[in-house]
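S.K.: got a structure for you, letters missing:
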């Protein structure tokens, strides 16, 4: 068995759920953010071998093809990415190896330039410290970044896969702070539909025991744990909602029972975006943000039409054809250029907007934090230690984008007033809900609403899966 693992290791690769999701994706620019021992580098190396050999279990990959494995330095290449490729690559498919340093009879200790396979494919190895110029020239069919490359190297590599319509993927621990990867990949500011990322945590790796995770946790500060355990970007101490964890709070849409429908919350805007979200509440007072309307530069009449269209599609309740909603009290203000207020204009188009929302900033922020926070459960000693009270449907892309970038003003106790329209309507709605008490025992029925939903609608970590090392029914 040991010999088989060395000779054809890829046959024995068994990806965990997050790795499977990454491998199955057909998008052309995929990234895995994870810490030590989460399996991120393993998934990157296995993907490279599948592409080069043409034996991908989920895609048709033409061979021969050319690809690059990009590391930060020659030494990191040898110790990490190169080792991972050699681990999975079938030895009988290696036709030739060219070395930059060392000899062919000791591949693991040398630095490889490229590997030629028996099917004609080439696996080239590059290091970022060579500089951008070394990445110019030949087209490639695929590129794997092991850890975060400089932006100029990334940009040059994008050009290398342009004419082949090739694929890129990256596997990294986000230790460098809010770099270009945060803007271009995590926040996806260019709104590239081919970009997707996964956050892999220790709890996702079934090969890590509870004891091993607890031991790793005990050696790290909270900020270091954000990156190394959860795969989140460090230097994010300025985030308002640090409690937000995309893998937990963002869920796939499902058919919400109409009895859960609660209210619509609006943050008005004409030149600035108007943000409106539809909110539902289950029997355990868990909140779901299920639908989104977010648009700038349109009239109140147009916005009202869009809200009614969404409501009709959802079967949202109306009173004699009128929608109820919450709205910022600023909508009652009348300007010199306007004969009617925004509230009055909405009412003319059958949206009755209640302006009696609580607008105290600090109270509102703390209340949202309460709903985002994972409720403690002393019976569970690994992450996540509980469940939140707020879930956001994946189709509410603007709310997700804003919550990931909502930051405090430097040296002030209030957020930066920018890109916060969805954050405001969320705050108005949460302030209309009852306060919740955290820190006490977990409710006995905390999972009862989950039983009403199909398990696949929940974040993976919250699903009922008897094969997991821990049972979420204990929460």
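M.R.: Perfect, thanks for sending it. Nothing here was measured: the structure is a model prediction, and the numbers come from that model. Residues are numbered from 1 along each chain as shown.

S.K.: beta partners for residue 292?
M.R.: Counting by DSSP bridges, residue 292 is bridged to residue 277.

S.K.: count of neighbours near it?
M.R.: Around residue 292 sit 20 other residues, with neighbours defined as other CB atoms under 10 Å. Glycine gets a C-beta too; all of them are placed from N, C-alpha and C.

S.K.: measure it to residue 195 for me?
M.R.: Applying CB to CB, to the nearest Å, the value for residue 292 to residue 195 is 20 Å.

S.K.: what does residue 69 give?
M.R.: Between residue 69 and residue 195 the computed distance is 20 Å (CB to CB).

S.K.: who has more neighbours, the two?
M.R.: Taking neighbours as other CB under 10 Å, residue 69 and residue 195 compare with residue 69 leading, 27 against 17.

S.K.: the more buried one: what's it in contact with?
M.R.: 48, 77, 81-82, 85, 123-126, 144, 146 (CB atoms under 8 Å, 6 or more residues apart in numbering).

S.K.: and residue 357, by the same measure?
M.R.: Residue 357 sits next to 326-329, 428, 431-432 when contact means CB under 8 Å, 6+ apart.

S.K.: filter the contacts of residue 69 down to just the ones in helices.
M.R.: If you go by DSSP state H, those have 48, 82, 85 in helices.

S.K.: once you drop chain neighbours, what's closest to the last one?
M.R.: In this structure, residue 85 finds its nearest non-sequential neighbour in residue 45, 5.4 Å apart by CB to CB, 6 or more residues apart in numbering.

S.K.: got the contact list for the one you found?
M.R.: Applying CB under 8 Å, 6+ apart, we find residue 45 in contact with 81, 84-85, 87-88, 144.

S.K.: just residue 99 next, same as before
M.R.: Applying CB under 8 Å, 6+ apart, the residues near residue 99 are 110-113.

S.K.: by neighbour count, which of those residues wins?
M.R.: Of the contacts of residue 99, with other CB under 10 Å as the count, residue 112 tops at 25 neighbours.

S.K.: and residue 358, how far is that from residue 424?
M.R.: Residue 358 is 12 Å from residue 424, by CB to CB.

S.K.: more neighbours, those two?
M.R.: Using other CB under 10 Å as the criterion, residue 358 and residue 424 rank with residue 424 on top: 23 against 13.

S.K.: show the pLDDT at the residue nearest to that one when sequence neighbours are not counted.
M.R.: Excluding the flanking residues, the one nearest residue 424 by CB to CB, 6+ apart is residue 267, at 4.1 Å. Looking at residue 267, its pLDDT stands at 95.

S.K.: can I assume residue 267 is in contact with residue 402?
M.R.: No - here residue 267 does not reach residue 402: they are 10.6 Å apart, not a contact under CB atoms under 8 Å.

S.K.: so what's in contact with those two at the same time?
M.R.: In contact with both residue 267 and residue 402: 421-422, using CB under 8 Å, 6+ apart.

S.K.: who's more crowded, the two?
M.R.: Between residue 267 and residue 402, residue 267 has the larger neighbour count (other CB under 10 Å), namely 26 against 22.

S.K.: does the nearest residue to residue 390 once chain neighbours are set aside lie in a helix or a strand, and which?
M.R.: Counting by CB to CB, 6+ apart, residue 390 lies nearest to residue 371, which is 4.0 Å off, once chain neighbours are set aside. Per DSSP states H and E, residue 371 falls inside helix 361-372.

S.K.: now what about that helix, what contacts it?
M.R.: By CB under 8 Å, 6+ apart, the list of residues contacting helix 361-372 from outside reads 240-241, 243-244, 249, 287, 358, 388-390, 413-415, 426-428, 430-431, 433, 435-436, 438.

S.K.: ok, the helix or strand following that helix: who's next to it in the sheet?
M.R.: Sequence order places strand 390-393 as the next helix or strand after helix 361-372, per DSSP H and E. With DSSP bridges as the test, strand 390-393 is paired with strand 250-251 (parallel), strand 287-295 (parallel).

S.K.: got a markdown table for the ones you listed, with mean pLDDT too?
M.R.: As requested, the strands paired with strand 390-393 are arranged in a markdown table below (pLDDT from 0 to 100):
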| stretch | mean pLDDT |
| --- | --- |
| strand 250-251 | 94 |
| strand 287-295 | 97 |
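
S.K.: redo the ones you listed as a markdown table? Include distance to residue 59.
M.R.: Below are those laid out as a markdown table (distance: least, CB to CB, whole Å):
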| stretch | distance to residue 59 |
| --- | --- |
| strand 250-251 | 26 |
| strand 287-295 | 32 |
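
S.K.: mind checking which of those strands is nearest residue 304?
M.R.: Nearest of the strands paired with strand 390-393 to residue 304, taken as CB to CB: strand 287-295 at 10.2 Å.

S.K.: that closest one to helix 361-372, inter-axis angle?
M.R.: Using axes from the mean of the first three to the mean of the last three CA atoms, to 10 degrees, the direction of strand 287-295 lies 120 degrees away from that of helix 361-372.

S.K.: what residues of strand 287-295 count as buried?
M.R.: Under the neighbour-count criterion of 16 or more other CB atoms under 10 Å, strand 287-295 has 287-294 buried.

S.K.: which SSE is immediately downstream of that strand?
M.R.: As assigned by DSSP H and E, the chain's next helix or strand after strand 287-295 is helix 300-314.

S.K.: what's the following helix or strand after that next one?
M.R.: Once the chain leaves helix 300-314, the next helix or strand it forms, by DSSP H and E, is strand 323-327.

S.K.: which strands or helices does the next helix or strand after that following strand pack on?
M.R.: Using DSSP H and E, the helix or strand that follows strand 323-327 towards the C-terminus is helix 342-348. Applying 3 or more CB pairs under 8 Å, 6 or more residues apart in numbering; DSSP states H and E, one finds that helix 342-348 makes contact with helix 300-314, strand 323-327, strand 351-354.
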